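Trainee: Quick one, fold the following:
(chains A and B)
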Amino acid sequence: MNKKNLWLSGPYLVWIVGFILLPLVTIFYYGFTTAQGGFTFANIINAVTDSANLKAIGLTVLLAALATAICLLLGYPLALCLSRIGLKWQKAVIFLFILPMWMNFMLQMVAINVILEDNGIINTILTALGLEKVHIANTFGAILIGMVYDYFPFMLLPLYNTVSRLDGDLINASKDLGAGPLRTFFKITFPLSLPGLVSGATMVFIPAISDFAIAEMLGGGKIMLVGNIVEMSFTKGQYYQGSGLAILLMAFVIISSLITGEDGENEGGAMLP
Amino acid sequence: MKKLSAVLRGLYIGLIFLMLYLPVMLMIVLSFNESRSAYEWGGFSFVKYEALFGNETIMEALLTTVVLGFAAAALATLIGTLGCIGMLAMRKRVQKTVSTVANIPLLNADIVTGVSLMLFFTAIVGRMNSVTLLASHVTLILPYVVLNVYPKLAQFDPSVYEAALDLGASPVKAFFKVMLPDIFPGVLTGFLLALTISLDDFTITYFTKGQGLNTLSTLIYTNRIRGILPEYYALAALMFVGVLFLILIIQIVNIRSAKPQARGDKQRIRR
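Mentor: Predicted coordinates for the structure are as follows:
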């Protein structure tokens, strides 16, 4: 279009440079300098060698991997089931599945606490049935449940988008040529759904690996994830160590997005069906 | 056999549906519970709503959340829409670079975006305040505006705009009379989605808000040790209904403005 309009993007470009690029430069600056201002790798090395950090990294990766796996195991069959509903209803049903994610994030955490607490809904029901109470609140399990609940829509949408566009002719051809349902699934349906699967997995794994709020709200402050250490470093003013860890988190994000070719637009588009 | 698998499918869909809605429904039902305890039904009442509206701290945080959301969404829509118009005049390679950088906040972990903004603001203005919070929210939601506006603008026929100029309209008039009506659905959904994201944000707010300033999310987080206040049930119900309303408008605008060809374009954007 008109070259004369180029200047209109001025504020936008200034914003991108000022509030996206410069803050990233700042965090890299802190990540690679000492408090005295000299260049150092110590903050990055400390991020991956400090024993408390290592423990947190292990726990975080485990938690994020479990959350991703559970979302996948729940979401993939669901996407397949949803893609078989009559076309007229599909969009509306998907909309209904995404809707609960729009309840305020913190209030979601509160609601999950109401369910999981020692005197919460689950335990009230168990007691009424004459069964033993279960202790879930403030444990690893509670954080896992919170993550799965919160990030499930991020898995479901890319999966559904891929599965619902599978070419039905290929599946019919496979059946016509004598393949059973299992063989058809593993030879046709599953390989063709891989892009959605990978995209969904990234979109769950990235927020899961960098979370601190779910861990704090549902873990009762007892379980330290990488995000919690980053948060504590920054609120305590330890910017140099904190930046080292934040750069480590960024490395995780970059690696997983390189593996999957995710460029962020998917997340923007996936907020709504 | 066919029937059985259809029943199983229905059961599975129903089960997941139930799990997803349990927390939401629970909060809404309990918001009308007379009893202070969450686990006994004390009869239908509005006491929790009265408590909510009487709680000055929460109401103040609610006001902050809403004002911040509208201000950030309005600013982001303005900057983003103008940015999109300018971007059309760029060469493809430049355009690609700009949108890659612009999408960083979408892809990056929120905590990294949050702490990098915090460090940056600490370095240039010393301490966080309501302006740094506003600027951070605009940064967070700008990509959503652009993702909604740009596809509409790319479909817009520039010769119509040029015809308006040739016929003597000023560029500003041509924009408001010709271009804006055509891209308006994208601008509106961009604004509403940006508003929704801002209302829901916790992490970016947490790191970039000034001391003593709280949105609902940070207020609940800060008060987590006090446990679950009765006000939260009413708040959850109201927030859910409010956001439901926003999302419904977005869906309706999207469906009504999606011409067959436009739909194809949108899907290509989302892949």
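Trainee: Following the chain onward from the helix or strand that contains residue A:79, which element is next?
Mentor: Assigned by DSSP states H and E, residue A:79 belongs to helix A:51-82. Heading C-terminal from helix A:51-82, the first helix or strand you meet, by DSSP H and E, is helix A:87-98.
Trainee: quick revisit: for the helix holding residue A:79, what is the distance to the chain centroid?
Mentor: 8 Å (Cα atoms, centre = their mean, to the nearest Å).
Trainee: buried sites along that helix?
Mentor: By neighbour count with 16 or more other Cβ atoms under 10 Å in any protein chain shown, helix A:51-82 contains the buried residues A:53, A:56-57, A:59-61, A:63-64, A:66-68, A:70-72, A:74-82. To be clear about C-beta, it is placed using only N, CA and C from the backbone, and glycine gets the same treatment.
Trainee: Give the members of those that are also in contact with chain B.
Mentor: Contacts with chain B are made by A:74, A:77, A:78, A:81, A:82 out of those, judged by Cβ under 8 Å from any Cβ of the partner chain.
Trainee: List just the nearest of those to residue A:9.
Mentor: residue A:82 (39.6 Å; Cβ to Cβ).
Trainee: Residue A:201 versus the closest one, what's the distance?
Mentor: To residue A:201, residue A:82 is 18 Å away according to Cβ to Cβ, to the nearest Å.
Trainee: now do residue A:254
Mentor: Residue A:254 is 16 Å from residue A:201, by Cβ to Cβ.
Trainee: same deal with residue B:86?
Mentor: Using Cβ to Cβ, we find residue B:86 at a distance of 36 Å from residue A:201.
Trainee: ok, now residue A:47?
Mentor: From residue A:47 across to residue A:201, the span is 24 Å (Cβ to Cβ).
Trainee: same check, this time on residue B:197
Mentor: To residue A:201, residue B:197 is 22 Å away according to Cβ to Cβ.
Trainee: Settle it for me: which of residue A:254 and residue A:201 has more neighbours?
Mentor: More crowded of residue A:254 and residue A:201, by other Cβ atoms under 10 Å in any protein chain shown: residue A:201, with 24 against 12.
Trainee: mind listing what the residue most central in space within chain A touches?
Mentor: Closest residue to the average C-alpha location of chain A: residue A:204 at 2.5 Å, with Cα atoms, centre = their mean. Residues near residue A:204 by Cβ atoms under 8 Å, 6 or more residues apart in numbering or on different chains: A:64, A:67, A:68, A:71, A:72, A:151, A:152, A:154, A:155.
Trainee: Next one: residue 185, what pLDDT does it get?
Mentor: By default, I'm working from chain A. If you check residue A:185, the pLDDT there is 76.
Trainee: actually chain B
Mentor: Per the predicted model, pLDDT is 82 at residue B:185.
Trainee: again with residue A:10
Mentor: Reported pLDDT for residue A:10: 84.
Trainee: Just the element for it, please.
Mentor: Residue A:10 belongs to helix A:10-16, assigned by DSSP H and E.
Trainee: could you point out which element follows that helix?
Mentor: In N-to-C order, the element after helix A:10-16 by DSSP H and E is helix A:22-31.
Trainee: Please name every helix or strand in contact with that next one.
Mentor: Helix A:22-31 sits against helix A:42-49, helix A:239-260, helix B:110-125, with contacts defined as 3 or more Cβ pairs under 8 Å, 6 or more residues apart in numbering or on different chains; DSSP states H and E.
Trainee: tell me the mean pLDDT for that helix?
Mentor: Across helix A:22-31, the average pLDDT comes to 88.
Trainee: who's in contact with that helix?
Mentor: With Cβ under 8 Å, 6+ apart, helix A:22-31 has contacts from A:43-44, A:239-240, A:242-244, A:246-247, B:104, B:112-113, B:115-117, B:119-120, B:123.
Trainee: Enumerate the residues of the stretch 51-200 of chain A near chain B.
Mentor: Within the stretch 51-200 of chain A, the positions adjacent to chain B are A:74, A:77-78, A:81-82, A:84-85, A:93, A:95-97, A:99-100, A:102-115, A:119-121, A:124, A:149, A:152, A:161 by Cβ under 8 Å from any Cβ.
Trainee: any weak-confidence spans in the stretch 1-150 of chain A?
Mentor: The stretch 1-150 of chain A contains residues with pLDDT under 70 at A:1-3.
Trainee: show me the contacts for residue 231.
Mentor: Reading this off chain A. Going by Cβ under 8 Å, 6+ apart, residue A:231 touches A:212, B:111.
Trainee: wait, chain B
Mentor: Shown in contact with residue B:231 (Cβ under 8 Å, 6+ apart): B:48, B:51, B:52, B:55, B:58.
Trainee: what helix or strand does it sit in?
Mentor: Secondary structure from DSSP H and E places residue B:231 in helix B:230-257.
Trainee: what's the angle between that helix and helix A:87-98?
Mentor: Between the axis of helix B:230-257 and that of helix A:87-98 there is an angle of 150 degrees, by axes from the mean of the first three to the mean of the last three Cα atoms, to 10 degrees.
Trainee: list the buried ones in helix B:230-257?
Mentor: So for helix B:230-257, counting by 16+ other Cβ under 10 Å, buried means B:230-240, B:243, B:246-247, B:250-251, B:253-254, B:257.
Trainee: One more: stretch B:20-40?
Mentor: By neighbour count with 16+ other Cβ under 10 Å, stretch B:20-40 contains the buried residues B:20, B:22-24, B:26-28, B:30-33, B:38-39.
Trainee: just those residues: which has the poorest pLDDT?
Mentor: Least confident entry in the buried residues of stretch B:20-40, by pLDDT: residue B:38, with 65.
Trainee: residue ranges with poor pLDDT in the stretch 151-271 of chain B?
Mentor: Across the stretch 151-271 of chain B, the ranges flagged by pLDDT under 70 are B:259-271.
Trainee: quick one, helices of it?
Mentor: Under the criterion DSSP state H, counting those that start in this stretch, helices of the stretch 151-271 of chain B are mapped to B:158-166, B:171-174, B:180-200, B:203-208, B:216-222, B:230-257, B:260-270.
Trainee: To residue A:176, which of those helices lies closest?
Mentor: Across the helices of the stretch 151-271 of chain B, residue A:176 has its closest neighbour in helix B:260-270 (29.0 Å, Cβ to Cβ).
Trainee: can you tell me which residues contact the closest residue to residue B:164 other than its chain neighbours?
Mentor: Spatial nearest neighbour of residue B:164, chain neighbours left out: residue B:174 (3.9 Å); criterion: Cβ to Cβ, 6 or more residues apart in numbering or on different chains. Counting by Cβ under 8 Å, 6+ apart, residue B:174 makes contact with B:161, B:164, B:165.
Trainee: Can you tell me which of the ones next to chain B among the buried residues of helix A:51-82 is closest to residue B:147?
Mentor: Of all these, residue B:147 sits closest to residue A:82, with 24.0 Å by Cβ to Cβ.
Trainee: Verify the stated contact: that closest one with residue A:89.
Mentor: No: the pair residue A:82 and residue A:89 does not pass the contact test of Cβ atoms under 8 Å, sitting 9.6 Å apart.
Trainee: Next, the residue of the stretch 51-200 of chain A found nearest chain B: phi, psi?
Mentor: Nearest residue of the stretch 51-200 of chain A to chain B, counting by Cβ to the nearest Cβ: residue A:111, 3.5 Å away. Backbone torsions of residue A:111, given as degrees, to the nearest 10, read phi -60, psi -40.
Trainee: Now for it: which residues touch it?
Mentor: Counting by Cβ under 8 Å, 6+ apart, residue A:111 touches A:103, B:23, B:24, B:26, B:27, B:236.
Trainee: need the longest helix for chain B.
Mentor: Using DSSP state H, we find that the single longest helix of chain B is helix B:56-88.
Trainee: what's the nearest residue to residue B:114 if we skip its chain neighbours?
Mentor: Residue B:114 sits nearest to residue B:207 (Cβ to Cβ, 6+ apart), 3.6 Å away.
Trainee: Now residue 188. Nearest residue, chain neighbours left out?
Mentor: Since no chain was named, I'll use chain A. Here the residue nearest residue A:188, using Cβ to Cβ, 6+ apart, is residue A:174, at 5.0 Å.
Trainee: Actually, chain B is the one I wanted.
Mentor: Nearest residue to residue B:188 in three dimensions, chain neighbours excluded: residue B:253, at 5.6 Å (Cβ to Cβ, 6+ apart).
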